[in-house]
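Enquirer: below: sequence and its predicted model.
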Amino acid sequence: MKNILSKIDALARYHNEVSPDLVKTKDIKLGLRNTDGSGIVAGITSKGEVFGYERVPDERGGGYVVKPVHGRLLYCGYDAVELARRIQAEDRFGFEEVAYLLLTGELPNIDDLGNFTRLLAKRRSLTRLERGILMQEAQNENQMFALHAVISHLSRCDPNPVSTHIGDVIETCISLIAKFSTVVAYNYRVSRYRSGSDLIMLQPDPELSMAENFLFLLRGQRPARKEALLFDLALMLHAEHGGGNNSTFAVRTVSSSGANTYMAICSGIASLSGHLHGGANEAVMMMMRDIRKNVKDWESRKEVRRYLARILEGKAHDGAGKIYGMGHAVYTLSDPRCAILREKAETLAVRKEQIQELRLMDLVAELASELLYERKGQVVSPNVDFYSGFVYKILGIPIDLFTPIFAMARVVGWSAHRIEQIIQAKLIRPAYVTSLPGENEYVPLIERKRTDDPEDVQASG
């Protein structure tokens with residue numbers, strides 16, 4: 001059995017790996033990206049817009065080149081970071097307002113925001129059947145596996161789960177946005193219960209915001225307002241990131257096939273579970289733990305730089321040769337979400353006596369940018385995941401929940417894009433070209449070349 005599996009592995013690699021020359025000859029946009037690294041335009045949306053570079057005429061003769069610029073993120077035409085700053089300046093929670101904006105395209109007035117917030121609060125609690133599903137499905141220690149299973153099976157509680165009528169889709173999306181925080185908190189509680197801890201599943205408090213409620217359900221007590229506002233900020237900044245990010249594109253693709261809302265949202269969860277997308281903040285915190293352990297002087301630029309160089313060379317940490325949390329598929333000079341998240345985190349870090357760790361992260365980001373430019377010619381900066389894990393850590397949130405929290409925020413963007421895709425009603429079907437030189441002819445089984453494999457011969461005998 002081992003030999004046939006090895007043979008299949010070798011054949012798969014032989015036939016599926018594609019040479020860079022062939023990609024260039026056939027002008028293939030691998031990863032749906034242009035040769036300059038920018039994404040190809042595959043659709044149109046009013047939900048989110050991401051800026052990290054601009055195209056300028058190539059002075060060396062013809063065409064255009066990509067020029068790095070400071071990043072910007074728009075939600076339905078509004079600067080997302082400025083929106084978050086203005087809401088926080090008014091000393092109030094904003095995740096619900098951002099959700100309303102992304103779903104409708106307009107900022108709510110006082111009455112609409114109040115009605116929408118109360119609607120979410122009303123739908124946040126799980127029914128007995130939904131709690132039963134969670135108890136059955138949340139057995140896996142991997143919280144993203146558990147989240148995917150529970151959201152998929154919530155369709156059993158919907159009297160018309162397969163409807164793609166726009167009114168029904170909106171109803172289901174709003175219910176999922178409301179329930180996600182409860183499901184994530186309960187999943188974690190159940191997993192700890194199965195590991196020997198007490199089972200505590202409090203009812204959501206309708207008087208609390210989404211951010212406050214999640215921390216309340218997770219901790220068993222109401223959070224301090226400053227902590228809840230910082231968490232609310234993180235949710236606002238993760239709610240949407242344009243139609244081209246992997247999980248949102250997955251949701252739009254599945255939605256375009258006519259699949260139901262539960263399956264479409266689950267495709268986003270599946271995509272986000274990948275370490276190249278949603279798991280980055282976990283990877284950052286694991287890397288920082290390794291750096292803190294192996295760098296004696298956290299203020300020594302020379303010592304920190306030397307260890308980062310070893311990480312890039314694959315000689316330290318996990319051997320992957322990556323400095324996690326640095327760089328982004330779109331952002332170059334800066335991720336606009338980084339500055340405000342780091343700024344707000346500093347105040348809490350001082351109070352929690354973790355400012356030294358934050359200073360080390362700043363130094364790692366600075367030196368990593370220098371090293372990556374020197375060695376690879378890449379203009380990179382820390383992305384939002386570089387600091388979000390630190391924010392969750394100082395809030396006392398377990399690392400297992402970092403990616404589910406990402407999903408808890410991004411379900412708003414997924415829902416907004418699903419609704420938009422249903423309205424646009426166009427099946428997404430990009431084209432692929434073959435890597436083979438020509439058509440093959442059938443060869444009878446008896447005439448095909450045989451490979452000696454004692455183990456397989458013995459098994460068949």
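Expert: Alright, I've got the coordinates.
Enquirer: only the buried residues of the longest helix anywhere in the chain, if you could.
Expert: Using DSSP state H to define each element, the chain has its longest helix at helix 166-193. For helix 166-193, the neighbour count (16 or more other CB atoms under 10 Å) marks 168-192 as buried. For every residue, glycine as well, the C-beta is placed using N, CA and C.
Enquirer: ok, stretch 38-45 next?
Expert: Quick answer for stretch 38-45 (16+ other CB under 10 Å): 38-39, 43, 45.
Enquirer: quick one, which of the residues you listed has the minimum pLDDT?
Expert: Among those, S38 carries the lowest pLDDT, at 76.
Enquirer: quick revisit: for the buried residues of stretch 38-45, give me a markdown table that also has distance to S6 and secondary structure.
Expert: Formatted as a markdown table, the buried residues of stretch 38-45 follow (distance: CB to CB, whole Å; DSSP: H, G, I helix; E, B strand; the rest coil):
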| residue | distance to S6 | secondary structure |
| --- | --- | --- |
| S38 | 40 | coil |
| G39 | 37 | strand |
| G43 | 41 | coil |
| T45 | 45 | coil |
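Enquirer: could you dump these to a markdown table with distance to I87?
Expert: Below are the buried residues of stretch 38-45 laid out as a markdown table (distance: CB to CB, whole Å):
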| residue | distance to I87 |
| --- | --- |
| S38 | 31 |
| G39 | 29 |
| G43 | 29 |
| T45 | 23 |
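Enquirer: pick out the most distant pair among those residues.
Expert: Farthest apart among those by CB to CB are S38 and T45. That separation is 16.6 Å.
Enquirer: neighbours around E96, how many?
Expert: 27 (other CB atoms under 10 Å).
Enquirer: for it, give me its contacts.
Expert: By CB atoms under 8 Å, 6 or more residues apart in numbering, E96 lies in contact with 113, 116-117, 120, 209-210.
Enquirer: check A259 too.
Expert: Applying CB under 8 Å, 6+ apart, the residues near A259 are S267.
Enquirer: how much space between it and C266?
Expert: 9 Å (CB to CB, to the nearest Å).
Enquirer: pLDDT score for D36?
Expert: 71.
Enquirer: hmm, back to that, of the buried residues of stretch 38-45, closest to A234?
Expert: For those, the nearest to A234 is T45 (23.2 Å; CB to CB).
Enquirer: so what's the residue count around the residue nearest to the closest one when sequence neighbours are not counted?
Expert: In space, T45 comes closest to G243 once its chain neighbours are excluded; the distance is 4.4 Å by CB to CB, 6 or more residues apart in numbering. Neighbour count for G243, taken as other CB under 10 Å: 24.
Enquirer: do the same with E357
Expert: Considering only other CB under 10 Å, E357 is surrounded by 17 other residues.
Enquirer: that one belongs to a helix, doesn't it?
Expert: Yes: under DSSP: H, G, I helix; E, B strand; the rest coil, E357 falls within a helix.
Enquirer: any idea how far K344 is from it?
Expert: 16 Å.
Enquirer: list the contacts for the closest residue to D158 other than its chain neighbours?
Expert: Spatial nearest neighbour of D158, chain neighbours left out: T172 (6.7 Å); criterion: CB to CB, 6+ apart. Neighbour list for T172: 158, 161, 261-262 [criterion: CB under 8 Å, 6+ apart].
Enquirer: what pLDDT does T172 get?
Expert: 97.
Enquirer: check which helix or strand R55 maps to.
Expert: strand 48-57 (DSSP states H and E).
Enquirer: buried ones in that strand?
Expert: 48-53.
Enquirer: and what of stretch 189-207?
Expert: 189-192, 202, 204.
Enquirer: out of these, the closest to K376 would be?
Expert: S191 (39.6 Å).
Enquirer: hang on, V23 packs against L30?
Expert: Yes: V23 is within contact range of L30, at 5.9 Å (criterion: CB atoms under 8 Å).
Enquirer: comparing the two, which residue is more hemmed in?
Expert: V23 (14 against 9).
Enquirer: pick out the residue closest to the middle of the protein.
Expert: G278 (3.2 Å; CA atoms, centre = their mean).
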